[in-house]
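Novice: Sequence and predicted structure below; questions after.
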Amino acid sequence: IKTQVAIIGAGPSGLLLGQLLAKQGISNIILERVTGKYVLGRIRAGILEQGFADLVREAGVGEKMDREGVVHDGFEIAIDDKCTHIDLKELTGGSVVVCYGQVNITEDLMKAREEAGLTTYYEASEVTPLHVKSASPAITFKHNGEEYHLDCDYIAGCDGFHGVSRQTIPEEKRTEHERIYPFGWLGLMSDTPPVSDELIYCKNKHGFALASMRSATRSRYYLQVPLTDKVEDWSDDDFWDELKKRLPAKAAKNLITGSSIEKSIAPLRSFICEPMQYGRLFLVGDAAHIVPPTGAKGLNLAASDVATLYKILTKVYKEDDKACIEQYSEIALRRVWHGERFSWWMSNMLHNFGKVENQDLDGNTFERFMESELSYYLSSENGRKVIAEQYVGLPYEEVK
Ligand code: FAD
Ligand code: DHB
């Protein structure tokens, strides 16, 4: 079989890229390791930057998002009971974010792909990129017991942190930067109304918590938990009791509890692989970088990679400008590093680290510096602007 762009992974990166390329008449085939149902079972992000929302619209898949997604003009940061409003719209001169789940975006993209009759091989195993440094790369894989050989011009590695694409770049040709945080996030989803119209990032002596949502009737909450905790250690009642302790009083009194419809623990990691391309193989989204979730940047950085690669491949096929592919990694990484820095900074300021080793200073001094930094930024309009400008997302860079 043959296509112009072979895409590995049917997460949001792969599906969005596939849809955008198809709109430009560029053929593509997606190879996904698991079933579509399994992909949709992974509950992850919920906040979309304006740039992401615009890209989804450009792909022609924005209708449901525009109907059901909720625009958020701001959010709150609560330190103990002191709440500071970050008025995104006011502080950025009009930018906002959209609250619409990753699961919904993925589902909308899957439907659009099916309706357009585009090819996806779900449950493809042993996906192996070949000859990526040559002008004619290929991928071999197995599907329903049969072996396939897919010839293509380019390969987009949209296969997440544990995929094969990054490993295809020889170790001596890539540099990996990594930081593991000494805690995880325990997430709970419930069909209960959220405590507030806006998200609240909270910190007090019990640790970090985030009150988020998917709709007026569905809440998503997170708690900072020790890395040693297992999800089985946390009953729903334990979760609600702990959340109540961490929310500011005005939100805690609104808390409506109910049974969880999902509960899971995610570790926190900062990770970047440089460069993000090798020959005709491009790494996109989590395949190249991971951020800690504080600041909601993971999915949004994946989207800006997609935007860059989409623009480059459009130039390749529409303007016969093959040289422009060399810019991908450089352009993508500039924005990725900003997002990584913001997520690292927000994570540092909003979590309790206690006394841990991988800090430059003893734990107590580090914690005090972070408290001081946070109160400085929150009490100054310029500080709040710095937070708002990055939360709504820095502009996408043009491709020359
Ligand atoms: P993925 O969504 O990981 O998709 C990659 C796809 O490739 C998967 O479907 C996978 O099955 C497939 N694949 C993997 N290996 C192969 C292979 N060898 N062959 C074929 N296919 C393969 N971000 C936020 O902003 N907020 C959050 O709250 C948040 N929570 C998260 C919680 C968890 C547990 C995780 C892991 C991530 C979270 N993120 C969050 C990050 C966000 O979900 C990701 O940034 C986003 O999913 C990236 O999309 P992607 O398409 O690049 O990768
Ligand atoms: C959500 C997750 C985040 O990491 C974040 O910063 C905001 C919202 C969420 O899942 O709703």
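Specialist: Arrived safely, thanks for sending. Ligands and ions are numbered 1, 2, ... in the order given.
Novice: give me the residue from the stretch 301-400 of the chain nearest ligand 2.
Specialist: Using CB to the nearest ligand atom, the closest approach of the stretch 301-400 of the chain to ligand 2 is made by residue 346 at 8.2 Å. Backbone N, C-alpha and C define where each C-beta goes, glycine included.
Novice: List the contacts of that residue.
Specialist: Taking CB atoms under 8 Å, 6 or more residues apart in numbering as the contact definition, residue 346 lies against 201, 294-295, 387.
Novice: do the same with residue 340
Specialist: 270, 272, 289, 291, 297.
Novice: Send me the helix or strand harbouring it as CSV with only the CA atoms.
Specialist: Assigned by DSSP states H and E, residue 340 belongs to helix 328-350. Written as CSV, here are the backbone C-alpha positions of helix 328-350 (Å, rounded to 0.1, in the frame of the first residue of the first chain):
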residue,chain,number,x,y,z
TYR,A,328,10.0,21.9,11.5
SER,A,329,12.0,21.0,14.6
GLU,A,330,13.4,24.5,15.2
ILE,A,331,9.9,26.2,14.9
ALA,A,332,8.1,23.5,17.0
LEU,A,333,10.8,23.5,19.7
ARG,A,334,10.7,27.2,20.3
ARG,A,335,7.1,27.1,21.3
VAL,A,336,7.5,23.8,23.1
TRP,A,337,10.3,25.2,25.4
HIS,A,338,8.0,28.1,26.3
GLY,A,339,5.2,25.7,27.2
GLU,A,340,7.6,23.5,29.2
ARG,A,341,9.0,26.4,31.1
PHE,A,342,5.5,27.7,32.0
SER,A,343,4.3,24.3,33.1
TRP,A,344,7.4,23.7,35.2
TRP,A,345,7.0,27.2,36.8
MET,A,346,3.3,26.8,37.5
SER,A,347,4.0,23.3,39.0
ASN,A,348,6.8,24.6,41.2
MET,A,349,4.7,27.4,42.5
LEU,A,350,1.5,25.5,43.1
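Novice: Give me the mean pLDDT for it.
Specialist: With pLDDT averaged residue by residue, helix 328-350 scores 97.
Novice: Could you point out the helix or strand that follows it?
Specialist: Helix 328-350 is succeeded, C-terminally, by helix 363-379 (DSSP H and E).
Novice: helices or strands next to the least confident helix or strand in the chain by mean pLDDT in the packing?
Specialist: Lowest mean confidence among the helices and strands of the chain (mean pLDDT, DSSP states H and E): helix 363-379, at a mean of 89. Helices and strands touching helix 363-379, as assessed by 3 or more CB pairs under 8 Å, 6 or more residues apart in numbering; DSSP states H and E, comprise strand 74-79, helix 328-350, helix 381-391.
Novice: Go through these and name the closest to ligand 1.
Specialist: helix 328-350 (8.9 Å).
Novice: at contact distance from ligand 1, anything in that closest one?
Specialist: No: against ligand 1, helix 328-350 shows no contacts by CB under 6 Å from any ligand atom, the least distance being 8.9 Å.
Novice: List the buried residues for stretch 133-146?
Specialist: 137-139, 141 (16 or more other CB atoms under 10 Å).
Novice: Now tell me what touches it from outside.
Specialist: 6, 8, 31, 121, 123-131, 147-155, 278-281.
Novice: Ligand 1 next: which of these are close?
Specialist: 8, 31, 124, 127.
Novice: Now flag whichever of the residues you listed is closest to residue 47.
Specialist: For these, the residue nearest residue 47 by CB to CB is residue 8; the value is 26.1 Å.
Novice: In contact with the closest one, which residues?
Specialist: Residue 8 neighbours (CB under 8 Å, 6+ apart): 14, 30-31, 127, 129, 139, 155-159, 163-165.
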